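Visitor: Just a sequence and a predicted model for now, questions to come.
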Amino acid sequence: MSEITYEFIREYLQAIQEDEDEFIDHIRQEALTNGVPIIKNEVKQLLEVLLTIQRPKHILEIGTAVGYSSIIMSKYLDEGGTITTIERSKDMIDVANKYIKMAGKETIINILEGDAQSILPNLNQRFDFIFMDAAKGQYISFLPYCLKLLRVEGILVSDNVLQDGYVAKSRWSIPRRQRTIHGRMREYLWELNHNKALRTVILPIADGATISCKLKEGE
Ligand code: SAH
Ligand code: MG
């Protein structure tokens, strides 16, 4: 259970939500039933606001899962826009393809199958918006590629950066098996805050999310 937000506040915010589109809600329910870690509502709304402001043409997502966040983001693309989304699990891709087809977005959302670690170095298209939502221990190694692929004034959003609050706790207070990922996520957040090419805000919403704007090309 998340330790970074108060349950009564989340419940209140949930209660004042507008009703969700039936199809999106169907994907959400099925994903939750199957234990797929899709974005929480606060992050969904965060993406929707940012994308409404930016109207990106090309979005890159790392971590498709069943296509829930991709399908949501695809509504906010500029005309002729595309989403490139990376996923390594064949089972997830099968489900994602089914939903993407049902949503009529098969020509807009393109899934790249494989590990982001090997796919990212081979991408050469520029992106306006990048959504990082894959294995948390890998964000720090994906970052240099994201910086290169993102255009100046482009936006990088990353999800689950606080890991139920563990990231903010001392290394010694958390289970040994989580320490590597804890260290890597701390390194990632440090880099987002200190990299001269980025302006970042770390938001303690949902499971922790960051928004970074690329200010200039890296040196
Ligand atoms: N963005 C989705 C949820 C993604 S869950 C949504 O909100 O709807 C994270 C997904 O990232 C999982 O499906 C997992 O298989 C995938 N993943 C994790 N590490 C990866 C990697 N290195 N390369 C490709 N996919 C990865
Ligand atoms: Mg997530």
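Guide: Ah, there it is. Ligands and ions are numbered 1, 2, ... in the order given.

Visitor: From Arg184, how far off is the residue lying farthest from the centre of the chain?
Guide: Residue farthest from the centre of the chain, counting by CA atoms, centre = their mean, is Trp172 at 28.2 Å. For Trp172, the distance to Arg184 equals 17 Å [CB to CB, to the nearest Å]. From N, CA and C alone the C-beta is placed, and that goes for glycine too.

Visitor: Same question for Lys90.
Guide: Lys90 is 26 Å from Arg184, by CB to CB.

Visitor: Could you do Ile140 as well?
Guide: Ile140 is 5 Å from Arg184, by CB to CB.

Visitor: One more: Gly137?
Guide: 5 Å.

Visitor: Next, report how far the strand or helix carrying Ile119 is displaced from the centre of its chain.
Guide: Ile119 is located in helix 116-119, with elements delineated by DSSP states H and E. Helix 116-119 sits 16 Å away from the centroid of its parent chain (CA atoms, centre = their mean, to the nearest Å).

Visitor: Show me which residues of that helix are buried.
Guide: Ala116, Gln117, Ile119 (16 or more other CB atoms under 10 Å).

Visitor: for ligand 2, what are the nearby residues on this structure?
Guide: Asp133, Asp159, Asn160 (CB under 5 Å from the ion).

Visitor: what secondary structure does Ile86 sit in?
Guide: Assigned state for Ile86: strand (three-state reduction, DSSP: H, G, I helix; E, B strand; the rest coil).

Visitor: Asp21: what's it in contact with?
Guide: With CB atoms under 8 Å, 6 or more residues apart in numbering as the criterion, no residue contacts Asp21.

Visitor: next SSE after the helix ranked longest in the chain?
Guide: When the chain is parsed with DSSP state H, its longest helix is helix 179-194. Sequence order places strand 198-203 as the next helix or strand after helix 179-194, per DSSP H and E.

Visitor: Okay, angle between that following strand and helix 179-194 too, please.
Guide: If you take axes from the mean of the first three to the mean of the last three CA atoms, to 10 degrees, strand 198-203 sits at 120 degrees to helix 179-194.

Visitor: Could you list the buried residues of strand 198-203?
Guide: Leu198, Thr200, Ile202, Leu203.

Visitor: What strands line up against it, and which way round?
Guide: Strands adjacent to strand 198-203 in the sheet, as given by DSSP bridges, are strand 209-214 (antiparallel).

Visitor: ok, Val49 to Ile155 distance?
Guide: Distance from Val49 to Ile155, by CB to CB: 11 Å.

Visitor: Between the two, tell me which one has more neighbours.
Guide: Shown here are Val49 and Ile155; by other CB atoms under 10 Å, Ile155 has more neighbours (22 against 11).

Visitor: element containing that one?
Guide: strand 150-159.

Visitor: so what secondary structure elements neighbour that strand?
Guide: helix 41-54, strand 127-132, strand 209-214 (3 or more CB pairs under 8 Å, 6 or more residues apart in numbering; DSSP states H and E).

Visitor: so Ile205 makes contact with Glu42?
Guide: Yes - assessed by CB atoms under 8 Å, Ile205 is found in contact with Glu42 at 4.4 Å.

Visitor: tell me which parts of the chain are close to ligand 1?
Guide: Where the chain comes near ligand 1, counting by CB under 6 Å from any ligand atom, the residues are 37-39, 63, 65, 68-69, 86-89, 92, 115-117, 133-135, 138.
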